Structure formats: structure tokens, C-alpha cells
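K.L.:
model the structure of this input:
(2 chains)
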Amino acid sequence: MEGEILKTVNLSAYYGKHQVLKSITLSFPENRVTAILGPSGCGKSTFIRCLNRMHELVEGARMEGKVYLRGKDIYEMEPTTVRRKIGMVFQRPNPFPTMTIYDNVIAGYKLGGIKLKKTEADALVEDSLRKAALWEEVKDFLYKRGTFLSGGQQQRLCIARALAMKPEVLLLDEPTSALDPKSTARIEELIQELKKTVTIILVTHNIGQASRVSDFTAFLYLGELVEFGATERVFTVPRDKRTEEYLVGKFG
Amino acid sequence: MRGRLIKDRIFELVVIAFSLAALVPLFVILVYVFKKGLPVINWSFLTHLPKPVGVKGGGVANALVGTAFLVLIASVTSIPLGIWAGIYLSENKNSPISEFVRVSVDVLQATPSIVVGILAYIWLVKPIGHFSALSGGVALGIMMLPMVVRSTEEVLNLVPHYLKEASLALGVSYPRTVLKVLLPSGIPGIVSGILLGVSRVAGETAPLLFTAFGNQFMNWNILKPMNALPLLIFNYAMSPYEEWKRLAWGASVLLILLVMVGNIISRMVSEKWKVKF
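P.N.:
Numbering: from 1, shown residues only, chains lettered A, B, ... in the order given. Just a heads-up that it's a prediction; the model follows:
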């Protein structure tokens, strides 16, 4: 396996007394797409929220274990630094309604108080929108509100916004679950393109999506890591009975 | 079948009749006050000071200036405090402090305005040694405070959680997220709450009786007694002089217009600037 960029060791998460993740140890290879697959409520979202410390924002939530980004414990770094290095795109497209498309792309800088020169900002906006495969569609209305775009375009805008922070890892939390099939296909294409520059961790409950876009698959069930391996291997010769049953559609 | 339709129709008419009946007091007041007050209003009414008894004409310029000052002082004291408190309440919904603050704010809202006036008297008038616009403005500010707190809290509660997440996930710190994402999304609602508060306290008389006190002359010093529209109405309407009563009617029209415009602008602001999530 290639170099790993992100690693969890014995990661457990709780909401109050309820344990949602049970001691997960997992390594994410650099510049690859790793799919976190599993039925609803198995802790997929909680898991990736532990990876950029979004988990700790929920009242009553707590986690144990370690998460390392290039060998450094992210729970000993500033949360804001962690979240800049590990970007996130959510289920529902969530561009900032008060901002233009242009400002949405550099929202991380504007809101975070990081100064950009006009030329730097222009270049960053174009570059990020190109990477998110949205540039051609919006280059003529950069100064319109981001909320005028279609759902799929809004989601790509959110991807551009995350990419503008130049993250090392991009967490995608079911990024297509609120989108139509055509927009979904575009985003899946985009994910393939993006992995050249950024490591992607994709949460999905869509088995087809995991098989289409990911290089590695981790199957989570009831808070437990059941199986992890190359996607092709996991899908053709699953080692665990539960993985097989899920993949053939016996539950989920 | 026919019977049911007739019943439906009767019910509808009753509902309409009662809604219209609720408007009657407002229209009676408006018609009466405007009939009496509107003829009084002209340029010199707005720009001149009240004349001594027996001299014709005169205006309410000092009261207009005074009301403007009082509202300004009230805004300066209540808006920053109210917005911060509203942010706290919305961000810490279940903390014991929030519960306590909410109850306190409700009690403050229900406190009779004359009591608020006494409070300002004890806090400011007595230590300073004389009546002042400052004490009146603070009294009005205390009355405005609950409205600002509550409208800020309510409007921030409407800002969807996912916007906050979006900002935090970009590595923006929590304080900046509150100030740059939550607050701007809530601004239209907060502004409209403030305008409602302003138009509410602009018409208050009781808290001004022993704070701003009133003044026959033009005064620009907030540490001195100052006149205000409601005070002028209160004093002149009770006077035995026809000329002063006329001024009181004119001032009433101004005050009603002020309140109406405040309400209408407040509605327009929350409609027009509404952020669509």
C-alpha cells in the first residue's frame, strides 16, 4: 500500500452514554479515494466528523483514540488548522446565502480573516472553480448569489470552496444524496479527477457509487469496522459474511 | 348539502366581521387625531419653539429634537447589550444561565414603564443631582432591551445549522463564525426588531416624567432636562390653554406617524432583505 496520509487508532465515539463507534483503526492511503460504506446509522458520518474535529461541536459528543495526519495527532493541533488541512463537503449543498459565487469560493479566507490580494483571490477562485468543474458554467456570473445555482452546481461550488483552502484531505459526507442522477454522475467524475491532488474520503450508503469511484473501501456496520481493503477485492471476494450480505442487498 | 354551504358562508362572514371589528379602535383613533392634529402641522410647527401662553403659533421643535436624542440614547444603551445577549441565548439554548436570562428578560418586558422610570431616577437622576435626557434615554433603553434580545435570539435560531457547520469546516474560528456568518444572516430580522423597539419606546411617557422631565426651551445637552413628544402631549393636553392643546394634537399626529413609519419600515426591512436559505 502507498504512503498513508491519515490514520485512526482505536477511535471510539460516543453521544452521551451511547457508543456509536467501536475502536476503529484505519489508514487512508494518499491520493486515493477511500469509500466509507455502510447502512444508515452505522456511524459513517460520525466517523469522518472525528477526522476533522467537527464531532466535538455536537453537545454531549465525545471521542477516544487517536487521529494522525502525517503522523501528527490532530487532537493536539488547533481545530481551525485541522479543518483547513482536512476539508469537508456536506450532504446538503450549503453555500453561504448572503455571498456571491466569487465570495463563496474564497469564503474560508474572507470569514477567517486571511487577507488575499485581488490578483491572488482572482487566481484562486478560477483555479478552485476549474478543479471543481464549475468554471465554465459560472464564469460569467461570478458576482451573482451562489444560491441561484442548481443543486448539483451548488454542491460543486461547495467543493470549490473546500478546495480553495488547499486541503490535504477532502471529506465528502454523502455529497450526492440530495442530488439528481445527472448531477451525481458529474460529481463522481469530478472525484476521479480530484484524487490526483487531494486524498478523498467519501462517505456513502450507495454501493454502486463506492464501486464506481473508490480505490479502497471500508465497510462499517453498527459502529464497527467490518472490513477494509482494495475496492475491487472487497466487492469481489468479501472476507466477512456481513460485508457480503450488505453488498448483495440482504440488508441496508 | 345546501345547509352546510350556508353554514360555511355564515361562519366566514362572522370571521371577517370580527377581524374588521378589531380594526375599529385603530381607525377611530387615527381619524380623530388626524382631524384635530393635521391642520396644526406646518413648517413653523416643526421648526419653532412653543410660544408663551396667549401668543399664537409656536411649534414643537424642542420636543422633536428631544425625542430624537432620547431614542438615540436608548438605542446606544440597548442595542449592543441586546445583540450580545441574544447571541448568547441562541448559541447556548439549554444552559442554566440562558434559562435565567430568558425569564429575566420576560419579566423586564412585563415591568410597568413607570417602574423603569423610577429605576432610572434612582440610578441616574439622584446621583447626578438633576433631571437629564441621559436618564430618560437609559430608561427607554431598558424598555427596549427585551425586544432587541428576543428578536436577535429568534432570528439567529432561524439561521440553519448547516451554515454554521460550513463555516467551521472551512477552519473559521467560532467567534468569527458567529460574527461573520450567523449575525449577517440575521441582520434583517435584528434591524426590524430594533425598529419595532424604537417605535414602541418613542411613544412612552411614564418613564420620562421624572427623568427627561421636559423643557420649554431647546436643549442640546443630554445632561440637562429635555422635552419629548409624549411629554409635550402629556403636559399641554392637560393645560387649560387652547393654543397649547392645539400643539398637543399636532404632536400626537407626529408621534403616530413616527410609530407607523417605524412599523412599516420594520416590515419592509424583514421582507425585502430576507435571506433565503
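K.L.:
C-alpha only now, for contacts and for neighbours.
P.N.:
Noted.
K.L.:
residues contacting the one residue in the stretch 1-150 of chain A that gets nearest to chain B?
P.N.:
As assessed by C-alpha to the nearest C-alpha, chain B sits closest to residue A:80 within the stretch 1-150 of chain A, at 4.1 Å. Each residue near residue A:80 by C-alpha atoms under 8 Å, 6 or more residues apart in numbering or on different chains is listed here: B:168, B:170, B:171, B:172, B:173.
K.L.:
cool, residue A:245 as well?
P.N.:
Residue A:245 neighbours (C-alpha under 8 Å, 6+ apart): residue A:251.
K.L.:
that one should be in a helix, yeah?
P.N.:
Yes: per DSSP: H, G, I helix; E, B strand; the rest coil, residue A:245 lies within a helix segment.
K.L.:
phi first, then psi, for the residue of the stretch 1-150 of chain A closest to chain B.
P.N.:
With angles defined as degrees, to the nearest 10, residue A:80 sits at phi -70, psi -40.
K.L.:
quick one: the strands in chain A?
P.N.:
A:4-15, A:18-29, A:33-37, A:61-69, A:72-73, A:86-89, A:169-173, A:199-204, A:216-221, A:224-230 (DSSP state E).
K.L.:
turn those strands into a markdown table, including mean pLDDT and distance to residue B:161.
P.N.:
Compiled in a markdown table, these are given as follows (pLDDT from 0 to 100; distance: least, C-alpha to C-alpha, whole Å):
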| stretch | mean pLDDT | distance to residue B:161 |
| --- | --- | --- |
| strand A:4-15 | 94 | 18 |
| strand A:18-29 | 94 | 22 |
| strand A:33-37 | 95 | 24 |
| strand A:61-69 | 93 | 17 |
| strand A:72-73 | 94 | 28 |
| strand A:86-89 | 96 | 14 |
| strand A:169-173 | 96 | 16 |
| strand A:199-204 | 95 | 20 |
| strand A:216-221 | 94 | 26 |
| strand A:224-230 | 94 | 28 |
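K.L.:
please produce TSV containing those, extended by mean neighbour count and distance to residue A:52.
P.N.:
Shown next, in TSV, are those (neighbours: other C-alpha atoms under 10 Å in any protein chain shown; distance: least, C-alpha to C-alpha, whole Å):
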stretch	mean neighbour count	distance to residue A:52
strand A:4-15	19	11
strand A:18-29	18	14
strand A:33-37	27	15
strand A:61-69	18	9
strand A:72-73	14	11
strand A:86-89	28	6
strand A:169-173	25	8
strand A:199-204	26	12
strand A:216-221	24	18
strand A:224-230	18	19
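K.L.:
got these as a markdown table, with distance to residue A:245 columns?
P.N.:
Formatted as a markdown table, the strands of chain A follow (distance: least, C-alpha to C-alpha, whole Å):
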| stretch | distance to residue A:245 |
| --- | --- |
| strand A:4-15 | 25 |
| strand A:18-29 | 21 |
| strand A:33-37 | 13 |
| strand A:61-69 | 29 |
| strand A:72-73 | 36 |
| strand A:86-89 | 29 |
| strand A:169-173 | 23 |
| strand A:199-204 | 17 |
| strand A:216-221 | 11 |
| strand A:224-230 | 12 |
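K.L.:
TSV for the ones you listed, including distance to chain B?
P.N.:
TSV is the format used below for the strands of chain A (distance: least, C-alpha to the nearest C-alpha, whole Å):
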stretch	distance to chain B
strand A:4-15	17
strand A:18-29	20
strand A:33-37	19
strand A:61-69	15
strand A:72-73	17
strand A:86-89	6
strand A:169-173	10
strand A:199-204	15
strand A:216-221	23
strand A:224-230	25
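K.L.:
between these, which gets nearest to residue B:191?
P.N.:
Residue B:191 lies closest to strand A:86-89 among the strands of chain A, at 32.2 Å (C-alpha to C-alpha).
K.L.:
residue A:178 and residue A:150 touch, don't they?
P.N.:
No: here residue A:178 does not reach residue A:150: they are 11.5 Å apart, not a contact under C-alpha atoms under 8 Å.
K.L.:
residue ranges of the helices in chain B, please?
P.N.:
B:2-37, B:43-47, B:61-91, B:96-110, B:113-120, B:126-128, B:133-158, B:161-169, B:174-177, B:183-201, B:206-209, B:229-237, B:242-272 (DSSP state H).
K.L.:
do the same with chain A
P.N.:
According to DSSP H, the helices that chain A contains are A:44-51, A:79-85, A:101-105, A:107-112, A:118-131, A:135-138, A:151-163, A:181-194, A:207-213, A:231-236, A:241-247.
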